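>>> Have a look at this prediction, sequence included:
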Amino acid sequence: MTYLELTQVLRNRDERKPSGVATTLRRVGDAIAIRYHDTDVVTVSADDTYTLDSGGWRTVTTKARINEYSPARLYQQKGVWYLSTPTGRIPFADGMAVDSDGIPPEAMAKCQVDTVDWRPDAMIPEDYYAG
């Protein structure tokens, strides 16, 4: 969801509970955070930069909240979380930032967008949906 979409969901409130167990949207300064339990798993800035954080909880639901509320596409393989990028996959790290296309700035620098199918869904391995 974009910053504008999240602002519309919050309306004039500082906090709102969307669908999803233990998930809350809340204002954090000029940004909007999606909190799952006690961790802001996605923080969206007004420029639609998304900061991702598992809080050390590498669970299926934490990954699902990040994938649902950000343009990033995380998947797990052999217990390791990865982010799909135009140049392949990169290991996920708490605190990493992605743009509105779900691409970290360092991956974008390596990519020739006009010759690569960089859409996040095009890079998710087939076994991602298996669990």
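Structure's in. What do you need?

>>> Run through the residues that contact the spatially most central residue of the chain.
The centre of the chain sits closest to residue 70, judged by C-alpha atoms, centre = their mean, with a distance of 3.5 Å. Shown in contact with residue 70 (C-beta atoms under 8 Å, 6 or more residues apart in numbering): 1, 42, 44, 50, 52, 98, 102. The way it works is simple: take the backbone N, C-alpha and C, and place the C-beta from them, glycine included.

>>> switch the cut-off to 10 Å
By C-beta atoms under 10 Å, 6 or more residues apart in numbering, the contact set of residue 70 is 1, 34, 41-44, 48, 50-52, 98, 100, 102.

>>> which one among those gets closest to residue 84?
residue 102 (7.6 Å; C-beta to C-beta).

>>> contacting residues for residue 6?
Contacts of residue 6 by C-beta under 10 Å, 6+ apart are 16, 18, 25-27, 31-34, 42, 44, 69.

>>> Next, work out how far apart the nearest residue to residue 96 once chain neighbours are set aside and residue 13 are.
Closest residue to residue 96 apart from its sequence neighbours, by C-beta to C-beta, 6 or more residues apart in numbering: residue 52 at 5.5 Å. Relative to residue 13, residue 52 is positioned 24 Å away (C-beta to C-beta, to the nearest Å).
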